[in-house]
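> for reference, the sequence and a predicted model appear below.
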Amino acid sequence: MVNRRSRVVTFGLLLVVLLLLVESTFEQTQARLNSPAEFTALLELRSSLGLRSKEWPIKSDPCWFWRGVQCRNGSVVGIDISGFRRTRLGSRNPEFAVDALANLTLLESFNASMFLLPGSIPDWFGERLSSLKVLDLRSCSIIGPIPPSLGNLSNLNALFLSYNNLTGIIPSSLGQLSHLSVLDLSQNSFTGSIPSSFGSFRNLSVLNISVNFLSDTIPPGIGNISSLQYLNLSGNSLSSSIPAQLGDLDNLVELDLSFNSLSGSLPADLRGLKNLQKMAIRKNSLAGSLPGNLFPALSQLQLVVLSQNAFTGNLPDVLWTMPNLSFLDVSGNNFTGVLPNFSFNGNATASVFNLSQNMFYGGLPSLPRRFSFIDMSQNYFEGRVRDYAPSNASFGMNCLQNVSNQRTLEVCASFYAEKGLPFDNFGQPNSTQPTTNDTSGKSNKKWIILAGVLGGLGLILFLVLVLVLFLCCWRKGGTSQRGNGVGPVPAGGSPPPPGMPINFSSLGEAFTYQQILQATGDFSDANFIKHGHSGALYWGILEGGVRIVIKRIDLSSIKKETYLLELDFFSKVSHTRFVPLLGQCLENDNEKFLVYKYMPNGDLSNSLFRKTNLEDDGLQSLDWITRLKIAIGAAEALSHLHHECNPPLDVQASSILLDDKFEVRLGSLSEVCSQEGILIKTTSEQGPSGSPTATCAYDVYCFGKVLLELVTGRLGISASNDAQVKEWLDQTLPCISIYDKELVQKIVDPSLIIDEDLLEEVWAMAIVARSCLNPKISRRPLMRYILKALENPLKVVREENSSSARLKTTSSRGSWNAALFGSWRHSSLDVAPIQNHRFSRKWPKWWGDHSSSQRRHSKEVFPEPSSMQNVERHDEN
């Protein structure tokens, strides 16, 4: 009994000691900042970067309450400001102002990724931050060269500098970083060669220098980095052969040497990469046959991309039996031979094989149905496609019998003759072999040739006559038409008449089909964005590293006029507020491609609230200055369209695309559109009234809903017309009054941080939005007045409310102020019920806040003018 009590007491004492140790350790880790010098340094950093009190509250202890600040034993050891927002003042002139970091002598980690730091990396980083282990400056808009002094950071184990505009050569001093584990310098503008000192790394596991302008050769010393697992040198101008020493990287998992100028053959020494899972060597100048002993040793391979080279010979049979291989792309080479039957031990359900654009021949191998996709087009396969062949296979441009879109008999026969092989003549009797003594056969052949020539001449003459008659009729019709075909697209939105020239010189670069395939990875699933209104959309990268969006238009499913209208629009209209059309590819008969500039910030519907930190589930909203900037930019674009070229629109938040500086680029002129759905369509989408005025008024209505999204933060308003949105408008619009600023605070986006002056700007935008949403289309302000109001928001609320004569009709009917507030006066004083069974609803109560007693009330917001004819009849009355 005593022993049992003794054991209990002993166990209790041990538990108390353990808890005290844990508590002591926690207190040491979470201790308050005890260095006045470091607190002063943090305050200076807060001021120089313009950080907000929301993240770094000035009256609180940094170690406990400042977001992203990590302390140990009362000293700062980590700072993470990734994705932070600056104050309004700090946003006006952002700089790489981090001098205060020099006083944080124990700092081990500094993460400022996705935080704007325009400027160069200071030289003193490598001298004063000796304890630094992690430096993350991804997507910070940094310019200039990497200071060689960074090579002095002997404790550094991770350096991230990707997605900036760093220039110059990569300093060889980085090779001194013996503890470095991750080096990411991708997506910059480095020139020169890869430093040979990189071969001195001993702990490096990730080396990414892709998408730069590096030249010269791959240093053989890289093969000495035995710890390397990921090597990406793609998207440069590296030349010469692939060093055989790379085969010594027995821990390598991914190798990407694509989009360079490498030559020679694929070294057999790469068989030493026994853990390799992904090999991508696309778009180089490699030639020769594949080593027969290469792939048997690479049993872990899952992805092999050797496309767009000049490889010859047969594909190794072992490729068809590799258990883990799920993606094989050898397209665009000179591989030849007869393929064996495919036999896979692994899961082929998600497999993608691309054997197109080679010189394979003979009968088709047996094809398992479980493949995700197989492309065997543009080869010389003969025979029949078996009935059990998978439907997700492409066989075009071969010599097959029962498939359309094949090569000609002459091409196929010539190819097989050169090989010394018989050709099946597409399954038809071989009637093309003449006998030397058959004179009657020669005579018949002459008559056949003569008949063909005469028939061809007759057909040509007939086509010429038809063309002459067509041109005469078109010219006669054109004299009675208004305009000469060189101005903007008419309001009717009809397609360009046949024969009307399109100025292709103003449509950017004429890309080749091969360039389009290269940019999109042969339209791979990884590059697919979405199906747009007139075609599928893909993102891609040009050879120079320029990111683009490509619209793939299939003329078998849409009308030819769709893309002609778009080309016609871009050939005539040039404005900085439209998504830039970089070029087109029109060389294919059945497919057309339009190439747009990529918009880094997507569209407004996706950027209003966005996730900036993968580890943080919260969303960051756009500040008010940026929202007002977007509203002005969109109004400027619409004003130009309304008053200069007058195409129809369907304005939504997803139509407003944003570049890297949140400048507006209008990306849709008719359908729901986003970065994932660029569409410019100049066909008319007027109301039943058919008038351009009704069309513009409808655009103004839609733009009013976009403005409400900016004010309230409520997403999806501009993209929907359902009853729920109408109910929300009914509840929201009464909070917008030209007489009471405080009311608008009930609907303002709670994530906005605004002072008194900014609240007036928000109030002004809300007033403009309500004016745009006037149920009477004739009372909505013109876009040029809306633009003026947004450019001068304080005048909207201060001038209108500065006198007692708020509702007095101004004598200047042409002024934007009069046009804007005139819509309010008419909507509240001159309203009468609509005498139509479809719109027999009363006007909302809020339209008559200060009108006469004869106004009529309703709890339902007047619907959009989806049937504008009825509304216009009422206006005429």
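Good, I have the coordinates.

> where do the strands sit along the stretch 651-800 of the chain?
656-658, 664-666 (DSSP state E, counting those that start in this stretch).

> just checking, what packs against the first one?
Pointing back at strand 656-658 there. The contact analysis (3 or more CB pairs under 8 Å, 6 or more residues apart in numbering; DSSP states H and E) places strand 656-658 against helix 604-607, helix 624-640, strand 664-666. Heads up, the C-betas are built off the backbone N, CA and C, glycines and all.

> go through these and pick out the most buried.
strand 664-666 (a mean of 24; mean count of other CB atoms under 10 Å).

> helices or strands up against that one?
Helices and strands touching strand 664-666, by 3+ CB pairs under 8 Å, 6+ apart, are helix 624-640, strand 656-658.

> average pLDDT for that strand?
Averaging pLDDT along strand 664-666 yields 74.

> please enumerate residues in contact with that strand?
577-580, 597, 599, 630, 633-634, 636-638, 641, 655-659 (CB atoms under 8 Å, 6 or more residues apart in numbering).

> quick one: distance of it to the chain centre.
14 Å (CA atoms, centre = their mean, to the nearest Å).

> again with stretch 55-70
Stretch 55-70 sits 35 Å away from the centroid of its parent chain (CA atoms, centre = their mean).

> and what of stretch 157-166?
With CA atoms, centre = their mean as the basis, stretch 157-166 stands 21 Å off its chain's centre.

> start to end distance for that stretch?
Chord length of stretch 157-166, first to last residue, is 20 Å (CA to CA, to the nearest Å).

> just stretch 304-315 next, same as before
Start-to-end, stretch 304-315 (CA to CA) is 12 Å.

> may I see the buried residues of it?
304, 305, 306, 307, 308, 309, 311, 312, 315 (16 or more other CB atoms under 10 Å).

> got the contact list for that stretch?
With CB under 8 Å, 6+ apart as the test, stretch 304-315 has contacts from 258, 266, 279-290, 319, 325, 327-337, 339, 354, 518, 522.

> from the residues you listed, which land in helices?
Assignment to helices by DSSP state H places the following of those there: residue 518.

> tell me where the stretch 51-200 of the chain has helices.
Along the stretch 51-200 of the chain, counting by DSSP state H, counting those that start in this stretch, helices occupy 62-65, 88-92, 125-128.

> which other residues reach the second one?
Going back to what we said before, that points to helix 88-92. Counting by CB under 8 Å, 6+ apart, 49, 50, 51, 85, 623, 625, 758 sit against helix 88-92.

> picking that back up, and the buried residues of stretch 304-315, which is closest to residue 71?
Distance to residue 71, by CB to CB, is smallest for residue 305 among the buried residues of stretch 304-315, at 46.7 Å.

> distance check, the closest one against residue 547.
Distance, residue 305 to residue 547, by CB to CB, to the nearest Å: 20 Å.

> now, which of the buried residues of stretch 304-315 lie within strands?
When DSSP state E is applied, the buried residues of stretch 304-315 are split such that 304, 305, 311, 312 fall in strands.

> count of neighbours near residue 720?
Here the number of neighbours of residue 720 (other CB atoms under 10 Å) works out to 14.

> now do residue 798
With other CB under 10 Å as criterion, residue 798 counts 12.

> so it sits against residue 763, correct?
No. If you go by CB atoms under 8 Å, residue 798 and residue 763 don't touch, sitting 10.3 Å apart.

> quick check: bridge partners of the residue lying closest to residue 525 once chain neighbours are set aside?
Excluding the flanking residues, the one nearest residue 525 by CB to CB, 6 or more residues apart in numbering is residue 352, at 7.9 Å. Applying DSSP bridges to residue 352 yields these beta-bridge partners: residue 327, residue 373.

> gap between residue 352 and residue 393?
Remark: distance between residue 352 and residue 393 (CB to CB) = 11 Å.

> just residue 588 next, same as before
Plainly put, residue 588 is 20 Å away from residue 393 if you go by CB to CB.

> neighbour count winner among the two?
Between residue 588 and residue 393, counting by other CB under 10 Å, residue 393 is the more crowded of the two (17 against 12).

> partner residues bridging the more buried one?
Going by DSSP bridges, residue 393 forms beta bridges with residue 374.

> surely it touches residue 366?
No. Counting by CB under 8 Å, residue 366 is not a contact partner of residue 393; they are 11.9 Å apart.

> what helix or strand is residue 215 on?
Under DSSP states H and E, no helix or strand contains residue 215.

> ok, residue 466 next?
helix 439-479.

> so what's residue 57 closest to, chain neighbours aside?
Spatially, and ignoring its direct neighbours in sequence, residue 57 is nearest to residue 65 (5.9 Å; CB to CB, 6+ apart).

> about what we covered before: mind putting the ones in strands among the buried residues of stretch 304-315 into CSV with distance to residue 708 and pLDDT?
CSV is the format used below for these (distance: CB to CB, whole Å; pLDDT from 0 to 100):
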residue, distance to residue 708, pLDDT
304, 52, 92
305, 48, 93
311, 58, 95
312, 63, 94
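
> who's residue 656 bridged to?
residue 666.

> how much space separates residue 789 from residue 631?
Here the criterion is CB to CB. By it, residue 789 lies 10 Å from residue 631.

> that should have said residue 422, apologies.
Using CB to CB, residue 422 is found at 72 Å from residue 631.

> quick check, pLDDT for the closest residue to residue 32 other than its chain neighbours.
Excluding its sequence neighbours, the residue lying closest to residue 32 (CB to CB, 6+ apart) is residue 61, at 4.9 Å. For residue 61, the pLDDT comes out at 89.

> any regions of the stretch 1-150 of the chain where pLDDT drops low?
For the stretch 1-150 of the chain, the stretches with pLDDT under 70 are 1-31.

> can you give me the strands in it?
69-72, 75-80, 109-111, 134-136, 143-144.

> which neighbours in the sheet does the third one have, and how are they oriented?
Spelled out, it's strand 109-111. strand 75-80 (parallel), strand 134-136 (parallel).

> just send these back as JSON lines, with distance to residue 469 and mean neighbour count too.
Shown next, in JSON lines, are the strands paired with strand 109-111 (distance: least, CB to CB, whole Å; neighbours: other CB atoms under 10 Å):
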{"stretch": "strand 75-80", "distance to residue 469": "75", "mean neighbour count": "20"}
{"stretch": "strand 134-136", "distance to residue 469": "71", "mean neighbour count": "20"}
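
> out of the ones you listed, nearest to residue 403?
In terms of CB to CB, the element of the strands paired with strand 109-111 nearest to residue 403 is strand 134-136, at 53.0 Å.

> now what about that closest one, what contacts it?
Contacting residues not belonging to strand 134-136 are listed as 82, 108-113, 125, 150, 153, 156-160 [CB under 8 Å, 6+ apart].

> mind giving me the packing neighbours of the very next helix or strand once past the helix holding residue 466?
The first helix or strand that comes after helix 439-479 along the chain, using DSSP H and E, is strand 509-510. Packing partners of strand 509-510 (3+ CB pairs under 8 Å, 6+ apart): strand 581-585.

> could you dump the strand it packs on to PDB, C-alpha only?
Once non-C-alpha atoms are left out, strand 581-585 reads as follows in PDB (Å, rounded to 0.1, in the frame of the first residue of the first chain):
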ATOM      1  CA  LEU A 581      -5.100  41.600 -79.400                       C
ATOM      2  CA  LEU A 582      -1.600  40.400 -79.900                       C
ATOM      3  CA  GLY A 583      -2.200  38.600 -83.100                       C
ATOM      4  CA  GLN A 584      -4.100  35.800 -84.900                       C
ATOM      5  CA  CYS A 585      -3.600  32.500 -86.600                       C
END
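
> off-centre distance for the helix or strand following it?
Downstream of strand 581-585, the next assigned helix or strand under DSSP H and E is strand 591-597. Taking CA atoms, centre = their mean, one finds strand 591-597 lying 14 Å from the centre of the chain it belongs to.

> need the CA coordinates for strand 591-597. PDB is fine.
Only the C-alpha atoms of strand 591-597 are listed here, as PDB (Å, rounded to 0.1, in the frame of the first residue of the first chain):
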ATOM      1  CA  GLU A 591     -10.000  26.400 -86.800                       C
ATOM      2  CA  LYS A 592      -9.000  30.000 -86.100                       C
ATOM      3  CA  PHE A 593      -7.000  31.300 -83.200                       C
ATOM      4  CA  LEU A 594      -7.000  34.800 -81.600                       C
ATOM      5  CA  VAL A 595      -4.200  35.700 -79.300                       C
ATOM      6  CA  TYR A 596      -4.700  38.100 -76.400                       C
ATOM      7  CA  LYS A 597      -2.400  39.600 -73.800                       C
END
